[in-house]
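1. with the input below, show me the fold.
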Amino acid sequence: MSENDTPLFCSWWFILLIVNAVLGCTALEWAWQKLQRFRHPNQQLDKLMYMYERSDAKNWSKWKCYPVALTMLLPRLFATVFSLAVLGVTMNILLIGAPAIDKPLNKGIRKSCLKFWV
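-> Numbers count the residues shown, from 1 in each chain. Below you'll find the predicted structure:
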């Protein structure tokens, strides 16, 4: 039996897609449950603190979130975490030997590099 004879459901990319879809669906369900207080607000509290009221929560629909959760949620999460880690490590390297935190970086190559990375 050659490598090309393996069925579709046994290939590693198909298994990865299924795991991504299941984990994305699970993450969506968890987040939807955690956002219940925004979807069903306390009207008396909203009258007191109207500037913090989520007026768009009535327009949220769960079914519109499923296509992205099943396909792109976890790859975007991993890409974001990876890029933030690279940014943090790079900025720590660039700031080695920098002046104290109370003195701003007004000029120089270090400021230019930090502006580029951020």
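
2. show me where this structure dips below the pLDDT cut-off.
-> 1-6, 8-9 (pLDDT under 70).

3. which SSE is the most centrally placed residue in it in?
-> Computing the C-alpha centroid of the chain and ranking residues by Cα atoms, centre = their mean puts residue 77 first, at 4.4 Å. Assigned by DSSP states H and E, residue 77 belongs to helix 73-94.

4. so after that helix, what's the next helix or strand?
-> Following helix 73-94 toward the C-terminus (DSSP H and E): helix 109-117.

5. any chance you could list what contacts that following helix?
-> 87, 90, 91, 94, 95, 98, 105 (Cβ atoms under 8 Å, 6 or more residues apart in numbering). Every C-beta, even on glycine, is put in place using the N, C-alpha and C of the backbone.

6. could you tell me the angle between that helix and helix 73-94?
-> If you take axes from the mean of the first three to the mean of the last three Cα atoms, to 10 degrees, helix 109-117 sits at 180 degrees to helix 73-94.

7. list the buried residues of helix 109-117.
-> Residues of helix 109-117 classed as buried by neighbour count (16 or more other Cβ atoms under 10 Å): 113, 114.

8. also stretch 18-25?
-> Neighbour counts over stretch 18-25 (16+ other Cβ under 10 Å) mark 20, 21, 24 as buried.

9. same deal with stretch 33-46?
-> By 16+ other Cβ under 10 Å, stretch 33-46 has no buried positions at all.
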